[in-house]
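Novice: I'd like to go over a predicted model; first the sequence, then the structure.
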Amino acid sequence: MTNFLLALALGTTAASGDWDREYNAGKAAYRANDTAVAQRRLERAVSLAEQFAPPDARRARAWNDLGAVLFARGAVNESAEAYARAIKEWRGSDDVSGMAATLNNLSIAERHRGRLDEAWRLAVRAMEILEPVAAAPSQRARIQQNMAEIARLRGDLDTAEHALQAASPSDPRSRCHLLQTRAAVAMDKGEYGGAARLAREAIAVADGAFGAASVEAAGARATTALALFRGGDPGQAEALLLRAASIYETELGDSHPRRATVLNNLAQVYRTTGRLAEAEPLLRRAVAIWREHYGSAHPDVARGVKNLGDLFAQQGKVRGAEMLYREALPMAGRTPVRGEVADSLIRLLESAHRGSEARRLRRELTESGVRTESR
């Protein structure tokens, strides 16, 4: 072997060793929920992987796992960019399972960004490329659970239930998430008792597998709280939401989108029980967090602004409520949240004896395909 080829081989071996060290350290930090360290180590792994000639699965794995860490930290837009880069790196590789996993991860990120049509397209593609291979049942179950959540957010409960029936995960994290999605579908159907039972089962799975102070346990408690609240038990709901908010703040920080969701739901509990002064700062904080991570054109932001409008309407601040509802309408995009905002605005106009405006708005929304409950 010439000196040049020997130096090249030694350099490649050293780079491979460095990549293994950084990548494995990043994965270990992620499993330990130390996402700051995980991000640093995986960013180094991504940089080191550039030395490997494509197609090389290490390039794709590094980008995919960096995306997962960014998503866990609430940096959803950045995670989507990392996943998109991973998909590019998977092309030319024969690792179909890896490509499908990244497609589903990007689908989940797009779902959280409110881009439901794109999320659905990516999830369907992930399932399609797994068809001819013997993929692990747990991987198929994760994709099916994601498809169910997308369908639910689009208001298509039949498709959501069909996807959930096909999913049968074995690992505790996927099982916990699946139970919560089933609970969410049950809530959307008005089956609050059944939703609470499913969510409590998710708590048992999360506490047993990850501990009662884990992020997974916080999510299961937040879902249970929502089912109890909608079923008429705000007292138990408040206690669970406070616990979930505390866990999220400790594990994820005080400005994570998951914590914003809990703050929003806690504000709804306070608003319903007449504690309006306590509800307003929670709603404002939730909206601020969502805006920071998602921008304004997002259904979560729209729902938060709409909820703040509901609070203003309850306080008799009709003008302020109307302004918030009209601000929220375009934010919701083509999601069921747009109908929720429209219903609140129509009810406000009708209560203010502006019936002709309410009827005109209802007609315009119906013609544009927005379903409203108001008549």
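Specialist: That came in fine, so what should we check first? Residues are numbered from 1 along each chain as shown.
Novice: which residue packs closest to the one residue sitting closest to the centre of the chain, ignoring adjacent ones?
Specialist: Among the residues of the chain, the one closest to the centroid is residue 112, at 4.3 Å (C-alpha atoms, centre = their mean). Closest residue to residue 112 in three dimensions, ignoring its sequence neighbours and counting by C-beta to C-beta, 6 or more residues apart in numbering: residue 76, at 5.0 Å. The way it works is simple: take the backbone N, C-alpha and C, and place the C-beta from them, glycine included.
Novice: pretty sure that neighbour is touching residue 108, no?
Specialist: No - with contact defined as C-beta atoms under 8 Å, residue 76 does not reach residue 108; the gap is 9.3 Å.
Novice: more neighbours, these two?
Specialist: Neighbours per residue (other C-beta atoms under 10 Å) separate residue 76 from residue 108, with residue 108 holding more: 26 against 21.
Novice: and the more buried one, what helix or strand is that in?
Specialist: helix 96-112 (DSSP states H and E).
Novice: same question for residue 169.
Specialist: Assigned by DSSP H and E, residue 169 falls within no helix or strand.
Novice: so which residues of the stretch 201-350 of the chain form helices?
Specialist: 215-230, 234-252, 257-272, 276-294, 299-314, 318-331, 336-351 (DSSP state H, counting those that start in this stretch).
Novice: any idea of the mean pLDDT for the last one?
Specialist: The average of the pLDDT scores along helix 336-351 is 94.
Novice: list the buried ones in it?
Specialist: 336-349 (16 or more other C-beta atoms under 10 Å).
Novice: and residue 145, what does it touch?
Specialist: By C-beta atoms under 8 Å, 6 or more residues apart in numbering, the contact list for residue 145 reads 163-164, 167, 169, 174, 177-178, 181.
Novice: redo that, cut-off 10 Å
Specialist: 104, 108, 123, 160, 163-164, 166-167, 169, 174-175, 177-182 (C-beta atoms under 10 Å, 6 or more residues apart in numbering).
Novice: I'd like the distance between it and residue 98.
Specialist: For residue 145, the distance to residue 98 equals 19 Å [C-beta to C-beta, to the nearest Å].
Novice: and residue 154, by the same measure?
Specialist: Counting by C-beta to C-beta - residue 154 and residue 98 are separated by 28 Å.
Novice: can you check residue 345 too?
Specialist: Separation of residue 345 from residue 98 (C-beta to C-beta): 46 Å.
Novice: excluding chain neighbours, what is closest to residue 118?
Specialist: Once flanking residues are discounted, residue 118 sits nearest to residue 110: 4.7 Å by C-beta to C-beta, 6+ apart.
Novice: just residue 171 next, same as before
Specialist: Per C-beta to C-beta, 6+ apart, closest to residue 171 is residue 138, 5.3 Å.
Novice: that neighbour contacts residue 169, doesn't it?
Specialist: Yes - assessed by C-beta atoms under 10 Å, residue 138 is found in contact with residue 169 at 5.1 Å.
Novice: any weak-confidence spans in the chain?
Specialist: Along the chain, the model assigns pLDDT under 70 to residues 1-14, 135, 371-375.
Novice: redo that, cut-off 50
Specialist: Along the chain, the model assigns pLDDT under 50 to residues 1-11, 375.
Novice: what about residue 23, distance to residue 59?
Specialist: Distance from residue 23 to residue 59, by C-beta to C-beta: 11 Å.
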